[in-house]
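Participant: quick one: sequence and predicted model below, then my questions.
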Amino acid sequence: MSRLKGMTWSHPRGYDPLIAVSADWAAQGGAVVEWNKRSLQDFESFPVEQLAREYDLIVIDHPHVGQITAESCLVPLPDAPEITASSVGRSVPSYDWNGSQWAWPIDAATQVQAIRPDLIDGPARDWAAILDLARAGRVMVPLRAPHALMCFYTLVANDGFPCRNDGPGDLVDRTAGLRALGRLRDLTALVDPVVYTLDPIAVLDRMADGDIACAPLIYGYVSYSLSGFRDHRIAFHDIPSATPGGGVAGSALGGTGIAVSAFSKDPAAAIAFARYVASPGVQRAAYVRAGGQAGHRTAWTDPQVDLAAGGFYSGTLATLDGAWVRPRHDGYMAFQGPASERISQALKDGDLDGALDDLQRLFDASFTG
C-alpha cells in the first residue's frame, strides 16, 4: 500500500475533512495519506516549490498557478469531467493555466457578508447600510495582508470595473479605484483600528464571541454557520452592493484546490486520491459531514447539505457564481502582500491618489521580476 504525505492549512475547515476522507480512502484499499497543516498566513504566501519537494499532495489557492507552472513543481492533472463540468463560479477554471489543470477545487469560497442573526435582522443590502452599522460600533472587516487588497478588488469589481487579471497594463480604472478606496476609508474611520491586524478567522472569532454584528467583506467560513461550532452562530449572505440597487458581481475569489507534486514518488496514487476527494459523491457527503466547505456544485446546490450548514450555501451562491479570478501570472504572489499594506497605509493617511500610483508600480514590477 502506498503512503503519501499531504499539506493543508490549519483550520478545521481545511484539515478535518481531509483526515476523514483519507481514512475512507485507505479503508477502500487506497493509499494512506498523512496530513500536516500550516497557518492561514503561510498558506497565502509560502513557496509552493518548497512544499512540493516535501509532500505528494498540496492544497493551494489559484493565484499560485503561474508561478508553479514556471517552476515545474506540480503534475498537470488528467481530464476529470465529473469534477470540471460542475464548477461553482470560476473555481475550476481558476486552476487552469496554459491549457492544463493544475488543481481540482475541494473548497470554494469568495468574499461574502457575515452577520450575527441574533443581533441584526438581516444582511445589509448596500454600502450606506454598512456605514450606518459601523457608526453604531457593530462592524469589523479583516485588513491584515492580503485582505485589504481583497476588499479593494471586490469593491472595484462590484462597481463594474474589475482589476486587470489578463496581463500587464493598467491595474484598475482610476476613478473606480478612488471610489473603492474612499469607501474603505469611510468604513475604517468608524471601526476599531485592530482590524488592520486581523485575518478573516480572527474577525469571525470576535463576531462569534462578542457584539460585532456584521463583516461586510470577508471570506466565508462554513464552520461558523454550523450549530455548536461557537457559542453564537454566524450566518453568511451575499455581499452588499457598492451602490443602492446594484448586484453582487466581482467578489474576489478564494477557496482551495488539491494539487499533486511533480516530485512525488507515486504520482498515480496521489492523483487517484485527489480525484476521489474532489469528486461529487465525496464532496456532498463525507467531505461536508466532516466540516468541510464544499468545492463541487452538486454539494452547493444540495438542499440537505445547505440545511445542515445553516443556509450557508444558498445564502452566498450568487456572490460565488459572480466572483472574479485574481491575477495568476508568475510574479503575482510578490504583489499581494505589499499592495495590501499600501492600501492599509492609504486608509490611515488618506493619500488615495498616491496609493493608486504605488499599486500600479507594484503591479508593473510583478511582470518584470
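Facilitator: Yep, that arrived.
Participant: only C-alpha atoms for contact and neighbour calcs from this point on.
Facilitator: Fine.
Participant: where along the protein do the strands fall?
Facilitator: Under the criterion DSSP state E, strands of the chain are mapped to 3-9, 32-38, 57-60, 96-97, 100-101, 104-107, 111-115, 214-219, 235-237, 256-260.
Participant: send the alpha carbons of the third one over as PDB?
Facilitator: This means strand 57-60. These are the backbone C-alpha positions of strand 57-60, laid out as PDB (Å, rounded to 0.1, in the frame of the first residue of the first chain):
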ATOM      1  CA  LEU A  57      -0.300  16.400  -2.200                       C
ATOM      2  CA  ILE A  58      -0.600  20.100  -1.600                       C
ATOM      3  CA  VAL A  59      -3.600  22.300  -1.000                       C
ATOM      4  CA  ILE A  60      -3.100  25.600  -2.900                       C
END
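Participant: ok, residues contacting it?
Facilitator: Outside of strand 57-60, the residues within contact range by CA atoms under 8 Å, 6 or more residues apart in numbering are 4-9, 43, 48, 51-52, 103, 256-261, 270, 274.
Participant: show me the shaky parts of the stretch 1-150 of the chain.
Facilitator: Filtered on pLDDT under 70, the stretch 1-150 of the chain yields the residue ranges 40-46.
Participant: would you map the helices across it?
Facilitator: Per DSSP state H, counting those that start in this stretch, the stretch 1-150 of the chain carries helices over the ranges 12-27, 40-45, 48-52, 65-71, 81-84, 127-135, 147-158.
Participant: can you say which of these is nearest to L359?
Facilitator: Proximity to L359 (CA to CA) singles out helix 147-158 among the helices of the stretch 1-150 of the chain, at 10.0 Å.
Participant: so what touches that closest one?
Facilitator: Identification of contacts with helix 147-158 by CA under 8 Å, 6+ apart yields 111, 142, 162-163, 176-177, 179-181, 184, 199, 217, 241-242, 247-252, 324, 336, 339-341, 343-344.
Participant: for P76, list the residues it contacts.
Facilitator: By CA under 8 Å, 6+ apart, P76 lies in contact with S100, Q101, W102, A103.
Participant: circling back: would you mind checking the contacts of strand 57-60 for buried ones?
Facilitator: Using 16 or more other CA atoms under 10 Å as the burial test, those include 4-9, 43, 48, 51-52, 103, 256-261, 270, 274 as buried.
Participant: now stretch 80-93: how far from the chain's centre is it?
Facilitator: With CA atoms, centre = their mean, to the nearest Å as the basis, stretch 80-93 stands 16 Å off its chain's centre.
Participant: I meant to write stretch 66-81 there.
Facilitator: Using CA atoms, centre = their mean, the offset of stretch 66-81 from its chain centre is 20 Å.
Participant: can you list the buried residues in that stretch?
Facilitator: Across stretch 66-81, burial judged by 16+ other CA under 10 Å covers G66, Q67, I68, T69, C73, L74, V75, P76, L77.
Participant: what of stretch 360-369?
Facilitator: Residues Q360, L362, F363, D364, S366 are the ones in stretch 360-369 that count as buried (16+ other CA under 10 Å).
Participant: one more: stretch 264-273?
Facilitator: The neighbour-count check on stretch 264-273 (16+ other CA under 10 Å) flags S264, D266, P267, A269, A270, I271, F273 as buried.
Participant: tell me the pLDDT at the fifth one?
Facilitator: Spelled out, it's A270. We note a pLDDT of 98 for A270 in this prediction.
Participant: contacting residues for it?
Facilitator: Neighbouring residues of A270 by CA under 8 Å, 6+ apart: L4, A31, D56, L57, V260, S264.
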